[in-house]
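Engineer: One predicted model, sequence on top.
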Protein chains: 2
Amino acid sequence: MATGGSTFTPALTWDQRSLRLLDQTRLPGEEAWIELEGAADTAAAIARLVVRGAPNIGIAAAYGLAMQIARTPADDELQAAARVLREARPTAVNLAWAVDRVQDAALAAAPEERAAAARAEAEAIHAGEDAASATIALLGADLLAGSQRILTHCNTGALACGGTGSALAVAVELAQRDDITVLACETRPLLQGARLTIWELRRAGIAHELLVDGAAAGLIRRGDIDAVIVGCDRVAANGDVANKVGTYAHALAARAGGIPFIVAGPTSTIDASIASGEEIVIEERDMDEVRHAGGALLTGADTPCRNPAFDVTPAELVTALVTERGIAAPVTRDSVLALLEAGAVPAERA
Amino acid sequence: MATGGSTFTPALTWDQRSLRLLDQTRLPGEEAWIELEGAADTAAAIARLVVRGAPNIGIAAAYGLAMQIARTPADDELQAAARVLREARPTAVNLAWAVDRVQDAALAAAPEERAAAARAEAEAIHAGEDAASATIALLGADLLAGSQRILTHCNTGALACGGTGSALAVAVELAQRDDITVLACETRPLLQGARLTIWELRRAGIAHELLVDGAAAGLIRRGDIDAVIVGCDRVAANGDVANKVGTYAHALAARAGGIPFIVAGPTSTIDASIASGEEIVIEERDMDEVRHAGGALLTGADTPCRNPAFDVTPAELVTALVTERGIAAPVTRDSVLALLEAGAVPAERA
């Protein structure tokens, strides 16, 4: 069982006036914090992956807009700031969702109340994501009871989400109940698994092993993995899941190997406005991310590359979608939309 | 179409007395050659991946044993040298096959003829692999006629095999006939795709794009790939294929996406002594390979890792097995064993 308890470091802190972000591009080598002042610098930090993970991107953007409104509350500046933040990354639906919530709250308030209303809404978003993480952890751990070798991809702990995370929060909860090992895929190109998930698991005292992304399918086929659990960047109305590139291959291998493939995330990642994964815009990032790893050049400096940041896993490969409002299983348009109509499950009842 | 012609650099040269290996661990940064003298240094070079690719490992081991026999032709020393070479890497069947051939040829000769017999047998193995590459290229290109976006994994060009390679030789031949693009997976942990395949494709003037291994499945799902072609390190009697870790996930994605998944290699990689992939020993390599990329440390220096060098793709996912003796399709025990009984297809008839 876990020996270290929940010693996760938060990805961001808020002191009611300014937002500080742990610069995740510098982990695990260095713990550097960046202090932000408004929308433009927050959007830049999101684009640069200083903060990442769909829920935390939403929280950071919410505070970014609230800080901007405190400085320049006029309508046009507010809307320009919201636009800059919404465009910081194209795939994470929480980003637009959080920005819309703060913008709507501000515009609904009297001019002199805008800053306070925006701040309160951002804080509510943050608190909601923390609570969602706690519920997801409990529901997911119940679902995976008995699984001891858990494969995950990318980083879905406190560095990505409220609380102790989404998929990784489930592993943290499982580790409180049983002897488990988390097998973390390194997650090329940006190595969030090797850099961030391993760093969080070590701090939490949870047994872990790192592997290259391509090794996961073979280990599943050999019977070395009991379950796969991943987060999500955007879930379409039919349950198709956009998540970090590499996820879809794990889902195929889990299906072929007869083990559960679980997606965990807050309902803020569900985008009911898109019918299926076909409509999800996949961000193509800079080729230099593929050409390098850990600062080292791996190939010719001008080698042409493909660099989709995400892929889409079809709903039929997802065993269950675990959210703070309950579990959709099987994952269908009906079960996903029912989650959006449900109330949150309080963590104490989960 | 290809603009550069077949300008592949050979992985090894033989001047009838000594073997020189291009040190592939230093590519693409540096072209350094290593001169070898006998079995021990050749085995060490194979283990260190100075030379790699199942066919080239066999050729190098054959010359390593022949050089050793020229120096110390006595029975016990010959057998000790053969053992050292056979154990240099556990998965590639060509290694044992080539060593056995040279050993048997030497032992069948009169004592004073041993060195010459061993050398002649090693040269015959080398010539056979060159001819096999030429035939595989033609048969594979006929099979994939019309495919323009070809995904491959690891390195299967002249750096891995005789001639211009196995799977990559097919792409080279296709590029003579049509406008194609080769999408090369980087192939973590040792990045043979990023380092070696890209280097070979650039030299050959063939359009190419590099991607992280985890991106392949999503691109296949999106319809961005027409066919997958890979090499093989060992093929079981039933057609199960052991190949570089990461291959199996591509096979699953190809099946799900309805595109061909082709395995190309000389029949020397078929091991009729093992019934299925279940029996193939998967080499587990040093954890430091996972912890690093291009010399950079990616995670904690003592992070526990899993590092299987290969995975097994079941025969039912392989659309066709292309060899110098013809094509097995569908891939079954009968069609694979029939290849072993067939004669080689001359390149001019392929």
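Structural biologist: Ah, there it is. Numbering: from 1, shown residues only, chains lettered A, B, ... in the order given.

Engineer: Could you tell me which helix of chain A is the longest one?
Structural biologist: The longest helix of chain A (DSSP state H) is helix A:114-143.

Engineer: buried ones in that helix?
Structural biologist: Of the residues in helix A:114-143, those buried by neighbour count under the rule 16 or more other CB atoms under 10 Å in any protein chain shown are A:114-123, A:125-126, A:128-141, A:143. In this view, the C-beta of every residue, glycine as well, is placed from N, C-alpha and C.

Engineer: And for stretch A:185-201?
Structural biologist: Using 16+ other CB under 10 Å as the test for burial, stretch A:185-201 gives A:185-201.

Engineer: near chain B, which residues of the stretch 251-350 of chain A?
Structural biologist: If contact is defined as CB under 8 Å from any CB of the partner chain, the residues of the stretch 251-350 of chain A in contact with chain B are A:252-253, A:256, A:282, A:290-300, A:303-308, A:310-312.

Engineer: So which of these are in helices?
Structural biologist: Assigned to helices by DSSP H, the following of those qualify: A:Leu252, A:Ala253, A:Ala256, A:Val290, A:Arg291.

Engineer: Tell me if I'm right that A:Ala98 and A:Tyr63 touch.
Structural biologist: No. The pair A:Ala98 and A:Tyr63 fails to qualify as a contact (CB atoms under 8 Å) at a distance of 9.1 Å.

Engineer: all helices of the stretch 151-300 of chain A, in order?
Structural biologist: Across the stretch 151-300 of chain A, reading from the start of the chain, the helices by DSSP state H, counting those that start in this stretch fall at A:167-177, A:192, A:198-204, A:215-221, A:247-257, A:288-291.

Engineer: quick one, the first one and helix A:114-143 angle?
Structural biologist: Which is helix A:167-177. Computed with axes from the mean of the first three to the mean of the last three CA atoms, to 10 degrees, the direction of helix A:167-177 lies at 50 degrees from that of helix A:114-143.

Engineer: for the record, mean pLDDT for helix A:167-177?
Structural biologist: Mean pLDDT, taken over the full extent of helix A:167-177, equals 96.

Engineer: Is there any residue in it that contacts chain B?
Structural biologist: No. Judged by CB under 8 Å from any CB, helix A:167-177 stays clear of chain B, getting no closer than 15.4 Å.

Engineer: ok, back up a step: could you provide the ones in helices among the residues of the stretch 251-350 of chain A next to chain B in CSV, with additional columns for pLDDT and neighbour count?
Structural biologist: Formatted as CSV, these follow (pLDDT from 0 to 100; neighbours: other CB atoms under 10 Å in any protein chain shown):
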residue, pLDDT, neighbour count
A:Leu252, 98, 26
A:Ala253, 99, 27
A:Ala256, 98, 19
A:Val290, 98, 25
A:Arg291, 98, 24
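
Engineer: quick one: which two of the residues you listed are the most distant?
Structural biologist: Spatial extent of those (CB to CB) is set by the pair A:Ala256 and A:Arg291 at 31.8 Å.

Engineer: Apart from its chain neighbours, what residue comes closest to A:Ala62?
Structural biologist: A:Ala122 (3.8 Å; CB to CB, 6 or more residues apart in numbering or on different chains).

Engineer: Can you name the helix or strand that A:Leu65 falls in?
Structural biologist: Secondary-structure assignment from DSSP states H and E places A:Leu65 in helix A:54-71.

Engineer: now that helix: how far from the chain's centre is it?
Structural biologist: Centroid separation between helix A:54-71 and its chain, computed with CA atoms, centre = their mean, to the nearest Å, is 16 Å.

Engineer: which element follows it toward the C-terminus?
Structural biologist: helix A:75-86.

Engineer: which strands and helices sit next to that next one?
Structural biologist: In terms of contacts (3 or more CB pairs under 8 Å, 6 or more residues apart in numbering or on different chains; DSSP states H and E), helix A:75-86 is packed against helix A:39-47, helix A:54-71, helix A:93-108.

Engineer: That helix: how far from the chain's middle?
Structural biologist: 24 Å.

Engineer: how about A:Pro10, secondary structure?
Structural biologist: At A:Pro10, secondary structure determined by DSSP: H, G, I helix; E, B strand; the rest coil is coil.

Engineer: how close does it sit to A:Tyr248?
Structural biologist: From A:Pro10 across to A:Tyr248, the span is 30 Å (CB to CB, to the nearest Å).

Engineer: One more: A:Arg89?
Structural biologist: Shown here: A:Arg89 relative to A:Tyr248, a distance of 20 Å by CB to CB.

Engineer: now do A:Gln148
Structural biologist: Using CB to CB, one obtains 25 Å as the distance from A:Gln148 to A:Tyr248.

Engineer: more crowded one of the two?
Structural biologist: A:Tyr248 (30 against 14; other CB atoms under 10 Å in any protein chain shown).

Engineer: residue contacts, that one?
Structural biologist: A:Tyr248 is in contact with A:Asp311, A:Val312, A:Thr313, A:Leu317, B:Ala217, B:Gly218, B:Arg221, B:Ala253, counting by CB atoms under 8 Å, 6 or more residues apart in numbering or on different chains.

Engineer: Close to chain B: what parts of the stretch 1-150 of chain A are there?
Structural biologist: Contact residues (CB under 8 Å from any CB) of the stretch 1-150 of chain A with chain B: A:Pro28.

Engineer: leaving aside the residues next to it on the chain, what's closest to the residue of the stretch 1-150 of chain A found nearest chain B?
Structural biologist: In the stretch 1-150 of chain A, the residue found nearest to chain B is A:Pro28; the distance is 6.6 Å by CB to the nearest CB. The shortest distance from A:Pro28 to any non-neighbouring residue, by CB to CB, 6+ apart, is to A:Trp199 (4.3 Å).

Engineer: try A:Phe8
Structural biologist: The shortest distance from A:Phe8 to any non-neighbouring residue, by CB to CB, 6+ apart, is to A:Ala158 (3.8 Å).

Engineer: With A:Asp271 instead?
Structural biologist: Excluding its sequence neighbours, the residue lying closest to A:Asp271 (CB to CB, 6+ apart) is A:Val93, at 4.2 Å.

Engineer: wait, what's in contact with that neighbour?
Structural biologist: Contacts of A:Val93 (CB under 8 Å, 6+ apart): A:Ala54, A:Asp233, A:Arg234, A:Ser268, A:Thr269, A:Ile270, A:Asp271.

Engineer: can you list those residues in JSON lines and add pLDDT?
Structural biologist: Below are the contacts of A:Val93 laid out as JSON lines (pLDDT from 0 to 100):
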{"residue": "A:Ala54", "pLDDT": "87"}
{"residue": "A:Asp233", "pLDDT": "90"}
{"residue": "A:Arg234", "pLDDT": "93"}
{"residue": "A:Ser268", "pLDDT": "89"}
{"residue": "A:Thr269", "pLDDT": "91"}
{"residue": "A:Ile270", "pLDDT": "94"}
{"residue": "A:Asp271", "pLDDT": "93"}
